[in-house]
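> how does the following fold in three dimensions:
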Amino acid sequence: MFIDKVDIFVYSGKGGAGAVSFRREKFIAQGGPDGGDGGDGGDVYFQVSANCDTLSRFRGKKHYKAQDGMQGKSKNMKGKSGKDITIIVPPGTQIIDYESQTLVLDLKNIGDKVLFLKGGKGGLGNTHFKNSTNQAPTYAQKGTKGKEAHILLELKLIADVGLVGFPNVGKSTLVSTISNATPEVADYAFTTLIPSLGVVNIDEYRSFVMADIPGIIKGASIGKGLGLEFLRHIERTNILLYVLDIAFPLQEQFCTLQNELKLFSEQLFKKPYAIIISRTDIVDAEQLKYLCLEFIDFLKLKDNTCKKYPIQHMHYISSLFMPATVPLSEQKDIQYPAFVIPISSHTHDNINILKFILKDFLEYNSGTNRY
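Below is the predicted model:
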């Protein structure tokens, strides 16, 4: 079961009490105080591991507590410190205060281990309170209490490219074709019920990660369908890739998807994006050309020829990586896609080229490659 949000209670250990004790040995009269200190309480850590990818291990268990410190002993022996507890989470986990809903930790890097709650300090034994006026103190410190927190764990997958589209437009088919992922593929809506990640290999040294989420439908922003629940998983992506189905009005699909993203998150809506037109094998070449040119005209884009790539049907593919030729006065609130390209996962039209052009767009967006 895929679980990406859960609330839990965590507690650090209480410090052990100091001991009240006096030295009692044969032939030693009036032995002084020798009560040892209490042990410190255990700490609470969070550690990021690549060996888990959901929060399902927290299902059914809500309380996590480090061990209390032990009480001090005679002969100035310190009590044993409580054992720390390390809570393992997948990369991309955010720790949010349950009451205030403020972000406390954002755990992204595999192997990171972060102290979350410090355990209570052990109390001092009575040996610390001996002085010239009180040679036999009969009191010691109690250990300090541990800390507790009610927190929300929220998983946001970390990927380079996030797919956005209606149900059953070919997102899962594309992911299974272009990457090593094996999502469920079927001819009915909402085949994808949980997010999935796939690694797209460019060559021996270069690759990027693509994230697929359940399809978004009109009204997702008010709770319809499944996409809204999982949109948080593409909030971390560097770029978005809109997947539009050639069998349905392209303009209507695009406007609906953008509207739902904007209602969910202005930050997500403003991410750099590109567009692919899927399932192009179901129409003939002339109809495909007409529909693509009509859509590019709707977006008010130049019909550029990107000579860098020998893409099939290149004369109606818009590849920008630059602002469109629209007057500056009209560009204020307009976002432009990096490219618009028709693809077919079934016949593999433009699939390999898509991998390279996506990688270039990622590098362009991150500033590692300039055109």
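
> check contacts around residue 22.
31, 32, 33, 34, 35, 136 (CB atoms under 8 Å, 6 or more residues apart in numbering). Bear in mind the C-beta positions are built from the backbone N, C-alpha and C, glycine included.

> what bits of the stretch 51-200 of the chain have low per-residue confidence?
Scanning the stretch 51-200 of the chain for pLDDT under 70 picks out 180-195.

> where does residue 115 land in three-state SS?
For residue 115, the assignment made with DSSP: H, G, I helix; E, B strand; the rest coil gives strand.

> so it makes contact with residue 45?
Yes. Contact criterion CB atoms under 8 Å: residue 115 and residue 45 qualify, at 5.7 Å.

> these two: who's more crowded?
residue 45 (16 against 11; other CB atoms under 10 Å).

> bridged to that one, which residues?
residue 86, residue 115 (DSSP bridges).

> which pLDDT value goes with it?
The model reports residue 45 with a pLDDT of 97.

> again with residue 243
93.

> paired strands for the helix or strand containing it, with orientation please.
Using DSSP states H and E, residue 243 sits in strand 239-245. When pairs are called by DSSP bridges, strand 239-245 turns out to pair with strand 161-165 (parallel), strand 273-278 (parallel).

> contacting residues for residue 253?
Contacts of residue 253 by CB under 8 Å, 6+ apart are 165, 166, 169, 244, 245.

> between those, which is nearest residue 211?
residue 165 (12.4 Å; CB to CB).

> what bridges to the residue nearest to that closest one when sequence neighbours are not counted?
Distances taken as CB to CB, 6 or more residues apart in numbering place residue 243 nearest to residue 165, at 3.5 Å, with adjacent residues excluded. In this structure, residue 243 bridges to residue 165, residue 276 when assessed by DSSP bridges.

> quick check: residue 243 vs residue 91, distance?
To residue 91, residue 243 is 25 Å away according to CB to CB, to the nearest Å.

> compare these two (neighbour count), which wins?
residue 243 (23 against 19).

> the more buried one touches residue 167, doesn't it?
No. Under the criterion of CB under 8 Å, residue 243 makes no contact with residue 167, lying 10.8 Å away.

> list the residues that contact both of residue 115 and residue 45?
What both residue 115 and residue 45 touch, as defined by CB under 8 Å, 6+ apart, is an empty set.

> now the element after the strand holding residue 243, going C-ward?
Sequence order places helix 250-264 as the next helix or strand after strand 239-245, per DSSP H and E.

> which helices and strands does the helix or strand that that next one is followed by pack with?
Helices and strands here follow DSSP H and E; after helix 250-264, the next one along the chain is helix 266-269. Packing partners of helix 266-269 (3 or more CB pairs under 8 Å, 6 or more residues apart in numbering; DSSP states H and E): helix 250-264.

> tell me how far the residue nearest the centre of the chain lies from residue 268.
The structure's the chain has its C-alpha centroid closest to residue 156; by CA atoms, centre = their mean the separation is 2.4 Å. Going from residue 156 to residue 268 by CB to CB gives 11 Å.

> joint contacts of these two?
In contact with both residue 156 and residue 268: residue 235, using CB under 8 Å, 6+ apart.

> quick one: the residue lying closest to residue 258 once chain neighbours are set aside from residue 234, how far?
Spatial nearest neighbour of residue 258, excluding adjacent residues (CB to CB, 6+ apart): residue 269 at 6.7 Å. Going from residue 269 to residue 234 by CB to CB gives 11 Å.
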